[in-house]
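S.K.: sequence first, then the predicted structure:
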Amino acid sequence: MSIEQQPISIESPAPPPVQRTHPAAWLWLSVLIIALDQATKFLVTRFLELYERVEVLPVLDFTLLHNTGAAFSMLAGASGWQRWFFIGLAGAVSLLLLAWIWRTPRGEKLLPLALALILGGALGNVIDRILHGYVIDFIHAHWGAAYFPAFNVADSAITVGAALLIVDAFREKRRQ
């Protein structure tokens, strides 16, 4: 008796397509930045008086300040129109950032991360402008008698996001 042996074909099933997360999923980070920014500002306003300085490290103080201007207090001395200008500008930029995040190809990580940080920071500061008419700053870095302008969590997120945006642009340029 002969038993015919037929090769058994074992085909491995094709792996399921990779489901890449939509870049809009990074918006949780924007919400986190807004919440952290507003929480720290709330605490600082409860525990510090305006201009009160608390040394945290030899190169870092917490000092409650109100900034009616933009970065580095630009236009802080204007007559009040700057409040609405900065609210409108931040609102327009936020809408553009949201659209940019939404249109970013699936699978991208660095670009939507950068944009989400900038968006969260912009909205954190615009909330201050709407509620108070100024942005609450309190992180005051210095070296000896040389002081860097005060900033907050939102400003930090914007700065880190902008740096990541530059890194992403260089990475994109190298790919081409």
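M.R.: Sure, I can see it.
S.K.: quick one, helices of the protein?
M.R.: Taking DSSP state H, the helices of the chain run over residues 27-47, 81-103, 110-132, 153-175.
S.K.: could these go into JSON lines alongside distance to residue 60?
M.R.: (Glycine included, C-beta is placed from N, CA and C.) Output for these, formatted as JSON lines (distance: least, Cβ to Cβ, whole Å):
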{"stretch": "helix 27-47", "distance to residue 60": "14"}
{"stretch": "helix 81-103", "distance to residue 60": "27"}
{"stretch": "helix 110-132", "distance to residue 60": "20"}
{"stretch": "helix 153-175", "distance to residue 60": "13"}
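S.K.: deepest in the core, which of those helices is it.
M.R.: helix 110-132 (a mean of 22; mean count of other Cβ atoms under 10 Å).
S.K.: ok, for residue 56, nearest residue in space, not its chain neighbours?
M.R.: Spatially, and ignoring its direct neighbours in sequence, residue 56 is nearest to residue 62 (5.8 Å; Cβ to Cβ, 6 or more residues apart in numbering).
S.K.: cool, residue 68 as well?
M.R.: According to Cβ to Cβ, 6+ apart, the nearest residue to residue 68 is residue 134 (4.5 Å).
S.K.: for that neighbour, what are its contacts?
M.R.: Residues counted as contacts of residue 134 (Cβ atoms under 8 Å, 6 or more residues apart in numbering) are 66-68, 83, 128.
S.K.: mind listing the residues bridging to residue 53?
M.R.: Applying DSSP bridges to residue 53 gives these bridge partners: residue 63.
S.K.: low-scoring pLDDT stretches of the chain, where are they?
M.R.: Flagging of the chain using pLDDT under 70 yields the residue ranges 1-19, 72-73, 176.
S.K.: excluding chain neighbours, what is closest to the spatially most central residue of the chain?
M.R.: Taking Cα atoms, centre = their mean as the criterion, residue 117 is the residue nearest the geometric centre of the chain, at 1.8 Å. Computed as Cβ to Cβ, 6+ apart, the closest residue to residue 117 that is not its neighbour in sequence is residue 161, at 3.2 Å.
S.K.: does that neighbour touch residue 114 like I think?
M.R.: Yes: Residue 161 lies in contact with residue 114 (Cβ atoms under 8 Å); the separation is 4.6 Å.
S.K.: I figured residue 150 hits residue 139, correct?
M.R.: Yes: contact criterion Cβ under 8 Å: residue 150 and residue 139 qualify, at 6.3 Å.
S.K.: circling back to that earlier point, between the helices of the chain, which one is nearest to residue 20?
M.R.: Distance to residue 20, taken as Cβ to Cβ, is lowest for helix 110-132 among these, at 11.4 Å.
S.K.: who are the contact partners of residue 162?
M.R.: 114, 118.
S.K.: make that residue 29, sorry
M.R.: Contacts here follow Cβ under 8 Å, 6+ apart; on that basis residue 29 touches 113, 116-117, 120.
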